[in-house]
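Asks: Generate coordinates for the sequence data below:
(2 chains)
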Amino acid sequence: MIQDFVYSRAKTVKEALDLLEKYKDDYKIICGGQSLLILMRQGLVAPANLIDIKGVEELNYIKFKPKGGLKIGAVTTHSEIQKSSLIKKHYPVLIDMEENLASVQTRNWGTIGGNLSHGDPAGDPGPVFIALNATVKMANKERERSIPLEEFFIDYFETALEEGELLLEVQLPVVPPKTATAYEKFNIIKNDQGIVSVAASITLDSRGSTCTDARIALGAAASTPIRARKAEKLLIGQRLDDGLLEKIGKKASQEADPVADIHASEEYRKYLVKALTKRMVKKAWERAKIIARKGGL
Amino acid sequence: MEKRLLHITVNNETHELYVEPKRLLVEVLRDELGLTGTKRGCNTGACSACTVLLNGLPVKSCSVLAMQADGTEITTVEGLADGGKLSPIQRSFLDHGAYQCGFCTSGMLMSATALLKESPKPAKEQIIEAIHGNICRCTGYNSIIRAIKAVAEGKYKEEE
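Replies: Numbering: from 1, shown residues only, chains lettered A, B, ... in the order given. From the prediction side, this is the model:
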């Protein structure tokens, strides 16, 4: 049973920030509410004030500039991302991600800003966006600020959003040349949350043989999405072979700090991190190689 | 809890009513408007039995606050038939026995309706994807897929 709350609806960012200020002692922001309403129904979250930003149309956009990269407004739905031709062309891994994110119904109403603000370490967008080097823009009544997404996640269901602060936008830089990203989650039922997920982004040199940059992000492998930085380092300057993949997988698994729950033990999650890291690095590498051979993006 | 005014169009009929902001769309449809064709299944957003179309898109009415549907157009299973005449997908479900206990049926029909509107000739994979979120505990998926496929193949076109 959902507890009583005072409902307010914002139509603009300004209205939303005013409401956050007004109710700063006790509020929750609702956008699509696909995660929040579940928690409210279970009584786990019972805010005195609910501030609805679903109708803040100025935050509903997907923009791409060849030099500036991608900007996605916080209230953009998963379906809008999934169906965006701009995203399909420039960030195809996001389409892979969205196609396997929950159900059609959830994607039609759930939003990207809501997903990130929920701060669930098993969420799909976190690791994928981190692998793509995302930044998030937030604002309160006084100022705007942007931080790398990997610093946005603080702990289970806890983010860097301060009291009175609203997530406005996710920004992705232009994908560097000869770079590709791959993402996969392991689950029992298709489109469920991942028991573990891994995103890997690989940049190759001009000949397409040696790795010059790598980003590996793990989902549901710690209290937040995390980067496997030591595993990334092992890739720099190397050529791909099975021995290297094995080392990277092992290293990423050591960097993971998962918990046990009804879905998997800690040990099994670590094993999954290793297996998926190997797979995703290989997949991203092969995609990057194809891009390098074509001589373009 | 203070009630708030909600304007909502359901099956082409406009309604104005006062609701508690904590009411879910499924509760308003069933308990306030008496449209009990929309089923409340798991009530946790997992089963999609409560699927309705919101501005043409399938959503789970148990996972949308009624106030968030203010100003939108909702289609429920009651809105599929035209006068007493069942829609093609409804007739096909009947012909193919695409239900067992029937509890998931209205949600399945709404997902199928949205799919066929977006892509009138979906491949089998698209059909499976479209009803992926709709759980049938009787596991009668094959007949449901056959029923949707039959409409996609034009078998129910302008049948009088």
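
Asks: Walk me through the domains of chain B.
Replies: B:4-79, B:88-152 (automatic domain parsing).

Asks: residues touching residue 56, list them.
Replies: Picked chain A for this. Residues counted as contacts of A:Val56 (CB atoms under 8 Å, 6 or more residues apart in numbering or on different chains) are A:Ala10, A:Lys11, A:Thr12, A:Val13, A:Glu15, A:Ala16, A:Val75. Placement of C-beta: from N, CA and C, glycine included.

Asks: try chain B instead
Replies: Going by CB under 8 Å, 6+ apart, the list of residues near B:Gly56 reads B:Glu73, B:Thr75, B:Ala114, B:Lys117.

Asks: Now with 10 Å, please.
Replies: Contacts for B:Gly56 (CB atoms under 10 Å, 6 or more residues apart in numbering or on different chains) come out as A:Asn108, B:Thr72, B:Glu73, B:Thr75, B:Thr113, B:Ala114, B:Lys117, B:Glu118.

Asks: cool, and A:Met97?
Replies: A:78, A:81-82, A:91, A:124-125, A:127-129, A:181, A:183-185, A:197, A:199.

Asks: one step back: dump the domains of chain B to TSV, plus mean pLDDT.
Replies: Below are the domains of chain B laid out as TSV (pLDDT from 0 to 100):
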stretch	mean pLDDT
domain B:4-79	97
domain B:88-152	96
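
Asks: got JSON lines for those, with distance to A:Lys141 too?
Replies: Conversion of the domains of chain B to JSON lines gives the following (distance: least, CB to CB, whole Å):
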{"stretch": "domain B:4-79", "distance to A:Lys141": "24"}
{"stretch": "domain B:88-152", "distance to A:Lys141": "39"}
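
Asks: Out of the ones you listed, which gets nearest to A:Thr210?
Replies: domain B:88-152 (38.2 Å; CB to CB).

Asks: Any part of that closest one near chain A?
Replies: Yes. Judged by CB under 10 Å from any CB of the partner chain, domain B:88-152 and chain A are in contact via B:107, B:110-111, B:114-115, B:118, B:128-135.

Asks: Go through these and name the one nearest A:Ile51.
Replies: B:Gly133 (27.7 Å).

Asks: so how many other residues sit close to that closest one?
Replies: 22 (other CB atoms under 10 Å in any protein chain shown).

Asks: cool, and A:Leu245?
Replies: 18.

Asks: Nearest to A:Ile236, out of the contacts of A:Met97: which one, please.
Replies: Checking the contacts of A:Met97 one by one against A:Ile236 (CB to CB), the nearest turns out to be A:Thr181, at 16.8 Å.

Asks: Go ahead and confirm that closest one touches A:Ala284.
Replies: Yes. Counting by CB atoms under 10 Å, A:Ala284 is a contact partner of A:Thr181 at 5.7 Å.

Asks: what is in contact with those two at once?
Replies: By CB under 10 Å, 6+ apart, the residues touching both A:Thr181 and A:Ala284 are A:Val93, A:Ala131, A:Ala199, A:Ala200, A:Ser201, A:Ile202, A:Arg215.

Asks: residues touching the residue of the stretch 51-200 of chain A found nearest chain B, list them.
Replies: The stretch 51-200 of chain A approaches chain B most closely through A:Ser103 (2.5 Å), counting by CB to the nearest CB. By CB under 10 Å, 6+ apart, the contact list for A:Ser103 reads A:34, A:110, A:191-192, B:45-48, B:51, B:58, B:60, B:111, B:129-135.

Asks: What count of nearby residues applies to A:Gly208?
Replies: A:Gly208, neighbours per other CB under 10 Å, totals 16.

Asks: So it versus chain B, what's the distance?
Replies: Note on A:Gly208: its distance to chain B, by CB to the nearest CB, to the nearest Å, is 33 Å.

Asks: that's a helix at that residue, yeah?
Replies: No. Going by DSSP: H, G, I helix; E, B strand; the rest coil, the assignment for A:Gly208 is coil, not a helix.

Asks: Give the closest residue to it in space, chain neighbours not counted.
Replies: On the basis of CB to CB, 6 or more residues apart in numbering or on different chains, the spatially nearest residue to A:Gly208 that is not a chain neighbour turns out to be A:Ala292, at 3.0 Å.

Asks: That neighbour belongs to a helix, doesn't it?
Replies: Yes. According to three-state DSSP, A:Ala292 belongs to a helix.

Asks: Give me the buried entries from the residues of domain B:88-152 next to chain A.
Replies: The neighbour-count test (16 or more other CB atoms under 10 Å in any protein chain shown) marks B:Gly107, B:Met110, B:Ser111, B:Ala114, B:Leu115, B:Glu129, B:Ala130, B:Ile131, B:His132, B:Gly133, B:Asn134, B:Ile135 as buried among these.

Asks: ok, then the element right after the strand or helix carrying the third one?
Replies: So the one you mean is B:Ser111. In this structure, B:Ser111 is located in helix B:105-118 according to DSSP states H and E. Using DSSP H and E, the next helix or strand after helix B:105-118 towards the C-terminus is helix B:124-130.

Asks: got the contact list for that next one?
Replies: A:99, A:103-104, A:190-191, B:58, B:108, B:111-116, B:118-119, B:122-123, B:141, B:144-149, B:152.

Asks: Selection in PyMOL covering whichever of those residues are buried, please.
Replies: PyMOL command restricting the contacts of helix B:124-130 to the buried ones, with burial defined by 16+ other CB under 10 Å:
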select buried, (chain A and resi 103+104+191) or (chain B and resi 58+108+111+112+113+114+115+116+122+141+144+145+146+147+148+149+152)
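
Asks: what are the ranges of the helices in the stretch 1-150 of chain A?
Replies: A:13-22, A:36-41, A:78-82, A:85-90, A:92-99, A:104-109, A:112-118, A:125-131, A:149-152 (DSSP state H, counting those that start in this stretch).

Asks: can you check chain B too?
Replies: B:25-27, B:88-95, B:105-118, B:124-130, B:141-152 (DSSP state H).

Asks: Same question for the stretch 151-297 of chain A.
Replies: A:229-235, A:242-255, A:266-294.

Asks: mean confidence for the shortest one?
Replies: Spelled out, it's helix A:229-235. Per-residue pLDDT values over helix A:229-235 give a mean of 98.

Asks: Next: the longest one.
Replies: For helix A:266-294, mean pLDDT is 96.

Asks: next one: that helix to chain centre, how far?
Replies: 17 Å (CA atoms, centre = their mean, to the nearest Å).

Asks: what's the answer for the first one, then?
Replies: Its chain's average C-alpha position is 20 Å from that of helix A:229-235, according to CA atoms, centre = their mean.

Asks: what packs against that helix?
Replies: strand A:196-204, strand A:211-219, helix A:242-255, helix A:266-294 (3 or more CB pairs under 10 Å, 6 or more residues apart in numbering or on different chains; DSSP states H and E).

Asks: Can you tell me which of the helices of the stretch 1-150 of chain A is most buried?
Replies: helix A:125-131 (a mean of 29; mean count of other CB atoms under 10 Å in any protein chain shown).
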